[in-house]
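[1] here you go, sequence then predicted model.
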Amino acid sequence: MSSFSVKNVNQIFGTGTAKVHVLHDVNFEAEPGTLSLIMGPSGSGKSTFLTIAGGLLTPTSGEVTVNGETYTDRTKKQRDALRLDSIGFVLQTYHLLPYLTVADQFKLVDKVKPNGNLSKAELDDVLETLGIEQLINKYPGELSGGQQQRVAIARALYPNPAIILADEPTAALDGSRVKVVGELLKSLAVKHHKAVVVVTHDARLIEAADHLYEMQDGYLTKK
Amino acid sequence: MFLALKEIKKEKLRSGLIIAMIVLISYLIFILTSLALGLARQNTDAINSWHVDQVTLNSSANTDMRQSFLTAEQVGKLTKKEALIGETSVVAKAAGHKQLSAVFIGLDDTQFVAKNLVLESGHQVKQAHQIVVDDSLKLEGYKLGSRIKLNDSQTRYTIVGFTKNAKMNIAPVVYGQLTTWQTLRGLTNGPVASAIVSQNMHYKTTKQGTKTYSTAKVIEKLPGYQAQTTTFVMMIAFLMVISLIIIAVFLYILTMQKLPNYAVLRVQGIPSRVLVGATVSQSVLLVVSGLVFGTILTIITALVIPPAIPMAFDIPVLSAVGAGLLVMALIGGLIPIKSVLNVDPVSVIGG
């Protein structure tokens, strides 16, 4: 059984002459331990797909399921709770809270979700894997872009979600770092048994992917 | 609270500046309140020290004790709960001292006001040429045994006692006998007092030409008292409103700057209530810190302020003012809440 699936999702914005059909009958599945790459040009519907996949937007039709739980028909509050429990986000520009140290970024999750997060040993293992175990008491402003990206990945993993959704995770990185991040996401998928879904237009990540999809004018096709 | 504390710790300069602003506002409000209270008390300390509920005056005196004269017939028979007061303005003079404007209060030694007068030093008035004075006269160099003249009279009055908080119309009170009051006013026959004060809250006279007022009414009608207290109350009220606006603007700017961060937290599933809690607790922490430092400054001021400056640091009143400031800050902190609740997590997806 897939840990994450999107079935027959359509998204239409506006009405009448301003109506825009952004997603057309999108179907998608992601298995634990795999890295899926969704590629496509700007404006193709990748971000809309990600917002629907992450429960931030209710689709016009269709459903999204995480670990067998459909959440497209849930309330905003219920979707918040599901997102906190089951979906880890890695965003394009890291977006770590500037006034929290790396350690505090995890403590904040503990405050809101006291149970089900990674244990101390598991977190230490993740930090070591990401090579940021020495940065635990640093503020985001004291870290390089690559280090911030790795902290953001650790932050996304910490609540122990079923899936990781990454939005252009290499957009702010130079060429040598892109390959490292690709391998990192792949190893996290395998080692932590997560379904990792990366939305990107960066073709350099293809070699790390188990599955490759292409989004074109709102249509998603598997390659 | 976690987020608020962490942000204050990290952004020390920004938080420090906001706290400094709240310190200054609260200090200004505390000092103005103490000054208003001090001045108000200097108008009423003497009356308040008598602990009376009702005051009977001549009905033509426009509720002004100094303009009131009561004849023996109008006074009638008094109980133990009533006492006669004779009030007049005087100028005290003594060799080697500056002239001093004061209020002379003539009392009957056998009645409760004279009996209950709490002395800081010396003894009660026993003879016509003895007086008990407010202890502020000590600052002018007077002491027990000092002899002073009142108005143009050649009679010298000996200070036989000092009493605290004996002020009326922002002037020190000189307590003496009712006969002295009559002498000072040039009343050899006729009026025997300015007022009858009573500890009986139901006391009322039916004598012709007299009218009984509540003590609060008489205080309210003291010359200049209402204008002065209203001015201070208005100043404090405006300061409260201004502080609300300033705090609200600062917190609004702070919150607006954090909305992108809050959007990310919303993406991660952090509930809105956590973000609202962070915003409100940040407001409370900043304002409470400001109030604490403002209070410390006020305490230091209270310790070093010269006694001649009429300030009264009344803890219950200042606590109420502090609580009022906190409420204003909370209201100010609630203004950006709508923006926090409406933060759109989608805004951080897709760069």
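    Looks like it came in fine.

[2] packing partners of the longest strand seen in chain B?
    Longest strand in chain B by number of residues, with DSSP state E as the criterion: strand B:82-93. Packed against strand B:82-93, as judged by 3 or more C-beta pairs under 8 Å, 6 or more residues apart in numbering or on different chains; DSSP states H and E, are the following elements: strand B:100-107, helix B:112-115, strand B:147-150, strand B:171-177, helix B:178-185, strand B:195-198. Every C-beta, even on glycine, is put in place using the N, C-alpha and C of the backbone.

[3] quick one: closest of these to B:K338.
    In terms of C-beta to C-beta, the element of these nearest to B:K338 is strand B:171-177, at 54.2 Å.

[4] buried ones in the longest strand of chain B?
    Judged by neighbour count using 16 or more other C-beta atoms under 10 Å in any protein chain shown, the buried positions of strand B:82-93 are B:E82, B:A83, B:L84, B:I85, B:G86, B:E87, B:T88, B:V90, B:A92, B:K93.

[5] before we move on, the earlier item: redo the helices and strands packed on strand B:82-93 as TSV? Include mean pLDDT and distance to chain A.
    TSV is the format used below for the helices and strands packed on strand B:82-93 (pLDDT from 0 to 100; distance: least, C-beta to the nearest C-beta, whole Å):
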stretch	mean pLDDT	distance to chain A
strand B:100-107	94	60
helix B:112-115	92	64
strand B:147-150	92	67
strand B:171-177	94	57
helix B:178-185	91	71
strand B:195-198	94	63
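
[6] can you say which of those is packed in most?
    Of all these, strand B:195-198 carries the top mean neighbour count, a mean of 26, counting by mean count of other C-beta atoms under 10 Å in any protein chain shown.

[7] give me the number of residues near A:D167?
    A count of nearby residues for A:D167, using other C-beta atoms under 10 Å in any protein chain shown, gives 24.

[8] ok, now which ones touch it?
    Counting by C-beta atoms under 8 Å, 6 or more residues apart in numbering or on different chains, A:D167 makes contact with A:S47, A:L50, A:F89, A:V90, A:L91, A:Q92, A:V199, B:I349, B:G350, B:G351.

[9] for A:F89, see how far away it is.
    For A:D167, the distance to A:F89 equals 7 Å [C-beta to C-beta, to the nearest Å].

[10] show me what the worst-scoring helix or strand of chain A on mean pLDDT is packed up against.
    Sorting the helices and strands of chain A by mean pLDDT, DSSP states H and E puts helix A:175-191 at the bottom, at a mean of 81. Contact partners of helix A:175-191 among helices and strands, from 3+ C-beta pairs under 8 Å, 6+ apart: strand A:35-39, helix A:120-130, helix A:145-157, strand A:163-167, strand A:195-200.

[11] any buried residues in that helix, and which?
    With burial defined by 16+ other C-beta under 10 Å, the residues of helix A:175-191 counted as buried are A:R177, A:V178, A:V181, A:G182, A:L184, A:L185, A:K186, A:L188, A:A189.

[12] distance between the longest strand of chain B and the chain's centre?
    Average the C-alpha atoms of strand B:82-93, do the same for its chain, and the two points are 23 Å apart (C-alpha atoms, centre = their mean, to the nearest Å).

[13] give the partner strands of that strand in its sheet and their orientations.
    Using DSSP bridges, the strands paired with strand B:82-93 are strand B:100-107 (antiparallel), strand B:147-150 (antiparallel), strand B:195-198 (antiparallel).

[14] quick check: angle from that strand to helix B:178-185?
    Using axes from the mean of the first three to the mean of the last three C-alpha atoms, to 10 degrees, the direction of strand B:82-93 lies 50 degrees away from that of helix B:178-185.

[15] how far off strand B:171-177 does strand B:82-93 point, in degrees?
    Note on geometry: by the same axes, to 10 degrees, strand B:82-93 and strand B:171-177 are set 120 degrees apart in direction.

[16] tabulate the CA atom coordinates of strand B:82-93 in CSV.
    Extracted as CSV, the C-alpha positions of strand B:82-93 are listed here (Å, rounded to 0.1, in the frame of the first residue of the first chain):
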residue,chain,number,x,y,z
GLU,B,82,-20.1,66.2,65.9
ALA,B,83,-17.4,68.8,66.2
LEU,B,84,-17.1,72.5,65.3
ILE,B,85,-14.5,73.8,62.9
GLY,B,86,-13.5,77.4,62.3
GLU,B,87,-11.5,77.9,59.2
THR,B,88,-9.6,80.9,57.9
SER,B,89,-6.6,81.7,55.7
VAL,B,90,-3.6,83.2,57.6
VAL,B,91,-0.1,84.3,56.9
ALA,B,92,2.4,83.0,59.4
LYS,B,93,5.4,85.2,60.3
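
[17] which residue is the nearest non-sequential neighbour of B:F69?
    The spatially closest residue to B:F69, leaving aside those adjacent along the chain, is B:P191, at 3.7 Å (C-beta to C-beta, 6 or more residues apart in numbering or on different chains).

[18] contacting residues around that neighbour?
    If you count contacts by C-beta under 8 Å, 6+ apart, B:P191 has them with B:F69, B:L70, B:T71, B:Q182, B:R185.

[19] bridged to the second one, which residues?
    Translated: B:L70. Beta-bridge partners for B:L70, by DSSP bridges, are B:A193.
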